[in-house]
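Novice: The sequence and its predicted three-dimensional model are supplied below.
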Protein chains: 2
Amino acid sequence: MSIPDERDLVSPAASGHGRHIPPASLARLTVYLRVLGTMMTEGIERVSSEELAEAAGVNSPKLRKDLSYLGSYGTRGVGYDVPYLSGQISAALGLTLDWRVAIVGAGHLGRALAGYPGFGSRGFEVVALFDADQMAVGQEVGWLRISPVEAMESILEKTRANMAVLAVPAEAAQGMCDRLVDAGITSILSFAPVVLQVPAEVQIRKVDMATELQILAYHAQRAQVSALATDAQARMLR
Amino acid sequence: MSIPDERDLVSPAASGHGRHIPPASLARLTVYLRVLGTMMTEGIERVSSEELAEAAGVNSPKLRKDLSYLGSYGTRGVGYDVPYLSGQISAALGLTLDWRVAIVGAGHLGRALAGYPGFGSRGFEVVALFDADQMAVGQEVGWLRISPVEAMESILEKTRANMAVLAVPAEAAQGMCDRLVDAGITSILSFAPVVLQVPAEVQIRKVDMATELQILAYHAQRAQVSALATDAQARMLR
DNA sequence: TAATGTGAATACTTTCACAGCA
DNA sequence: TGCTGTGAAAGTATTCACATTA
């Protein structure tokens, strides 16, 4: 007897079709969710795939394909009900659960994250903010008070944090990451510009501003080079 | 790691290797570059694809395929010369050109970016930091002094900025973006949680922490659900 | 002989066109 | 009639195996 694949065991009700959502679609779904939220505050109740796609900066077949991974939540000939679709996407992404985020590092970046309004409004509660600097410990940042990293493990447990954001210098990142993993955290978002080694069961995502600028630089350089080439070609044809 | 990302609307180039680098490879090349930099500071002179891949968190065939888009810079049976490979990647990405970055928004995030050591060390110079708040204008942040947004256009020209980072609240982002585009900036990195509308010739990249956390939440939720399912199945088989 | 560079196979993503339904 | 939902085709990305070469 073979053990059924885990996917087959997921109830359709709990996560849409029970199938996994392709990573590329998943990333876009979070954008649709944000756009739908904006529409709700503007009192827009109904939207077509064309309109939603336009607002989200994608084309409409792609949007419809993305939504099709969750199920059929639109009405043919009509479009989508904004609050309903928003709710369905939230549910599929697991945002109806309680997510309690600990931020490690209370420099400018950590404080920016702690004060980021986009968290609370989307189901994420920042429950702790740590720093290694004794001067910073005790300071208030929004509703939070900065805690000493020494007490990280006990505070993670007390606050029942289930996600962490790493906003520490590169040198400190792997060490802090290891402590988070040992403390049972399995979802980590890192802003440190280093490759972190973690066990396979730990989900890690990385954001690196230098990487982003380098990608922009590559495209800008190509645009420059091809402009020069076009220019040279124009001169030769003259 | 990075979000699988969008369109690739670059015209065919006419120099160097001429081929465009696939977006997925491009993102990883920036990681290899960082790892090679670290190795150089550690005095490591030679590396195999296996070792470099390990340090970069990818498998070695993928690394070799990525490098093959640039050319053949290794030695069969030996490996890669660390400084040489680093230089070749830098050149391919256009990092030997002068990149002057203006940061718009001097809140915690803007200040974190202005002070980010990873910029200067990788060919990006922060040449201006703007804020709309009169209280912030004039304050020093590292080597920079915060300038008033009112003077943005003239300062962009004076400093010959050719890239911009948007670190302003969502409401202000589209307006500031439009002004940057009108001022001739064609490479923009945005941290604002909104979809920005820009002309096709402008390259824009987005970083959104809420999106990243939502993607983590999705995976964590699936892990939870399948753990529960496995559990239920175990009970049934008992 | 050890490790690169690459064609060919596989897997994933996007696009497209249209069937199907309110 | 108008717009959603989806198979099938086209386009990318990843994996693999191995010919190649210092």
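Specialist: Yep, that arrived. Numbering: from 1, shown residues only, chains lettered A, B, ... in the order given.
Novice: Parallel or antiparallel, which strands does the longest strand along chain A pair with?
Specialist: Taking DSSP state E as the criterion, chain A has its longest strand at strand A:124-131. Within its sheet, strand A:124-131 is paired with strand A:99-104 (parallel), strand A:147-148 (parallel), according to DSSP bridges.
Novice: Okay, buried residues for it please.
Specialist: A:124, A:126-131 (16 or more other CB atoms under 10 Å in any protein chain shown). Every residue, glycine included, has its C-beta placed from N, CA and C.
Novice: that older thread, same list, the strands paired with strand A:124-131, but as JSON lines with mean pLDDT and distance to DNA strand D please.
Specialist: Formatted as JSON lines, those follow (pLDDT from 0 to 100; distance: least, CB to the nearest atom of the strand, whole Å):
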{"stretch": "strand A:99-104", "mean pLDDT": "98", "distance to DNA strand D": "27"}
{"stretch": "strand A:147-148", "mean pLDDT": "98", "distance to DNA strand D": "38"}
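Novice: Specify the stretch among those strands that is closest to residue A:234.
Specialist: Nearest of the strands paired with strand A:124-131 to residue A:234, taken as CB to CB: strand A:99-104 at 53.6 Å.
Novice: Only C-alpha atoms, please: export that closest one in CSV.
Specialist: C-alpha atoms of strand A:99-104 as CSV (Å, rounded to 0.1, in the frame of the first residue of the first chain):
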residue,chain,number,x,y,z
TRP,A,99,-0.1,35.4,12.4
ARG,A,100,2.1,36.8,15.1
VAL,A,101,5.3,38.3,13.9
ALA,A,102,8.5,38.9,15.8
ILE,A,103,11.0,41.4,14.3
VAL,A,104,14.6,40.8,15.1
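Novice: Check what contacts it and list those residues.
Specialist: If you take CB atoms under 8 Å, 6 or more residues apart in numbering or on different chains as the criterion, strand A:99-104 is touched by A:110, A:113-114, A:119, A:123-130, A:149, A:152, A:155-156, A:159-168, A:176, A:180, A:185, B:213, B:217.
Novice: Now that we have those residues, which of them are buried?
Specialist: By 16+ other CB under 10 Å, the contacts of strand A:99-104 give A:110, A:113-114, A:119, A:123-124, A:126-130, A:149, A:152, A:155-156, A:159, A:161-168, A:176, A:180, A:185, B:213, B:217 as buried.
Novice: hmm, stretch A:197-207 touching chain B?
Specialist: Yes: against chain B, stretch A:197-207 shows contacts by CB under 8 Å from any CB of the partner chain at A:197, A:201, A:203, A:205-207.
Novice: Which one of the buried residues of strand A:124-131 is nearest to DNA strand C?
Specialist: Nearest to DNA strand C out of the buried residues of strand A:124-131 is residue A:124 (CB to the nearest atom of the strand; 24.2 Å).
Novice: list the contacts for that closest one?
Specialist: Residue A:124 makes contacts with A:99-101, A:163, B:210, B:213, B:217, as judged by CB under 8 Å, 6+ apart.
Novice: Show me what it bridges to in the sheet.
Specialist: Applying DSSP bridges, one finds that residue A:124 bridges with residue A:99.
Novice: Tell me how confident the model is about the host helix or strand of residue A:51, as a mean pLDDT.
Specialist: Here residue A:51, judged by DSSP states H and E, is contained in helix A:49-56. The average pLDDT for helix A:49-56 rounds to 98.
Novice: any chance you could map the strands in chain A?
Specialist: Listed in chain order, the strands of chain A (DSSP E) span A:46-47, A:74-75, A:79-81, A:99-104, A:124-131, A:140-141, A:144-145, A:147-148, A:163-166, A:187-190, A:203-206.
Novice: Can I get those strands in JSON lines including distance to residue A:27?
Specialist: JSON lines is the format used below for these (distance: least, CB to CB, whole Å):
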{"stretch": "strand A:46-47", "distance to residue A:27": "20"}
{"stretch": "strand A:74-75", "distance to residue A:27": "21"}
{"stretch": "strand A:79-81", "distance to residue A:27": "20"}
{"stretch": "strand A:99-104", "distance to residue A:27": "18"}
{"stretch": "strand A:124-131", "distance to residue A:27": "17"}
{"stretch": "strand A:140-141", "distance to residue A:27": "29"}
{"stretch": "strand A:144-145", "distance to residue A:27": "29"}
{"stretch": "strand A:147-148", "distance to residue A:27": "32"}
{"stretch": "strand A:163-166", "distance to residue A:27": "17"}
{"stretch": "strand A:187-190", "distance to residue A:27": "14"}
{"stretch": "strand A:203-206", "distance to residue A:27": "10"}
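Novice: any idea what sits nearest residue A:121, other than its immediate chain neighbours?
Specialist: Counting by CB to CB, 6 or more residues apart in numbering or on different chains, residue A:37 is the residue found nearest to residue A:121 once chain neighbours are left out, at 7.6 Å.
Novice: What count of nearby residues applies to that neighbour?
Specialist: 18 (other CB atoms under 10 Å in any protein chain shown).
Novice: close enough to count as contact, it and residue A:87?
Specialist: No: counting by CB atoms under 8 Å, residue A:37 stays clear of residue A:87, with 11.0 Å between them.
Novice: Next, work out how far apart residue A:223 and residue A:209 are.
Specialist: 21 Å (CB to CB, to the nearest Å).
Novice: higher neighbour count, those two?
Specialist: Neighbour count, other CB under 10 Å: between residue A:223 and residue A:209, residue A:209 has more, with 21 against 18.
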